[in-house]
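>>> everything below, folded, please.
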Amino acid sequence: NERLMDTIRGVIYSKAMPWFRSRHTLTRKEVLRDLKDMQGLGINTVRRYGPGVYDHNILAVANETGMKIQYAFWMPDLDRDIASEQRKEDFMKSVIATVKKRKNDKSIIGWHLSNNAWSRLGQMYVKPSLLHHEDEYLRWLRGLVLRIKAVDPERPVTLDVPLDEQVAATLQTFTSAIPE
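This is a model prediction of the structure:
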């Protein structure tokens, strides 16, 4: 995985997201043009959020062109609503189903989890309640990573971490809680 960090030159490819409000239809021809333009600029990896209606076209063209994909999932927002537990479970099921479906795609170099709610917990709760919610979130996140790694043990799972004054402590916390 360290080798990947030295070789990735990437951008987020968010064209036609959300698809139902977009003026773009990501046909194979349009995706090919976009990926070739990116490669002309030295880009070799795109992050694409899914699952989505254009996954097939994007992944097929990525395989044809040699573009690498960091396949990303947007984690659900946290709130104090009891229904949020069901949203987290539904999200986990969707992620695992997608990883199972896409794990043999050679263009995918890793799975990424975005919209990390860690820093927002401190805005929602005060200590000592905050510590409980942080532990609960870390357990859920570790469970998600373990389930992804059970389906696809070869690829790395990465996570957004906010770059703020707490970044070193946050990285240490995640490294300790989710060593996978």
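>>> lowest average confidence, helix or strand, in this protein?
Scoring the helices and strands of the chain by mean pLDDT, DSSP states H and E places helix 2-7 at the bottom, with a mean of 64.
>>> how far is whichever helix or strand comes after it from where the chain is centred?
Using DSSP states H and E, the helix or strand that directly follows helix 2-7 along the chain is strand 10-12. Between the centre of strand 10-12 and the centre of its chain there are 12 Å (CA atoms, centre = their mean, to the nearest Å).
>>> and the most far-flung residue of the chain relative to its centre, what's its pLDDT?
Distance to the chain centre peaks in the chain at residue 128, reaching 30.1 Å (criterion: CA atoms, centre = their mean). Looking at residue 128, its pLDDT is 93.
>>> so how far is residue 159 from residue 176?
14 Å (CB to CB, to the nearest Å). All C-beta atoms are positioned from the backbone trio N, CA, C, and that covers glycine.
>>> neighbour-wise, which of the two wins?
Each of residue 176 and residue 159 has its neighbours counted (other CB atoms under 10 Å); residue 159 has more, 17 against 9.
>>> name the nearest residue to the more buried one, ignoring sequence neighbours.
residue 113 (4.8 Å; CB to CB, 6 or more residues apart in numbering).
>>> C-alpha coordinates for the helix or strand where that neighbour lies, PDB please?
Assigned by DSSP H and E, residue 113 falls within strand 108-114. Only the C-alpha atoms of strand 108-114 are listed here, as PDB (Å, rounded to 0.1, in the frame of the first residue of the first chain):
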ATOM      1  CA  ILE A 108     -10.200  -0.600  -8.800                       C
ATOM      2  CA  ILE A 109      -7.100   0.000  -6.600                       C
ATOM      3  CA  GLY A 110      -8.900   0.500  -3.300                       C
ATOM      4  CA  TRP A 111     -12.100   1.300  -1.400                       C
ATOM      5  CA  HIS A 112     -12.600   4.700   0.200                       C
ATOM      6  CA  LEU A 113     -14.900   5.900   2.900                       C
ATOM      7  CA  SER A 114     -15.900   9.600   2.700                       C
END
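>>> just how off-centre is it within its chain?
Averaging C-alpha positions (CA atoms, centre = their mean) puts strand 108-114 5 Å from its chain's average.
>>> same check, this time on stretch 88-105
Distance, stretch centre to chain centre, for stretch 88-105: 11 Å (CA atoms, centre = their mean).
>>> repeat that for stretch 167-178.
The answer for stretch 167-178 is 18 Å, by CA atoms, centre = their mean.
>>> likewise stretch 168-180?
For stretch 168-180 - counting by CA atoms, centre = their mean - the centre lies 17 Å from the chain centre.
>>> give me the contacts around it.
118-119, 134, 138, 141-142, 145-146, 149, 157, 159, 161-162 (CB atoms under 8 Å, 6 or more residues apart in numbering).
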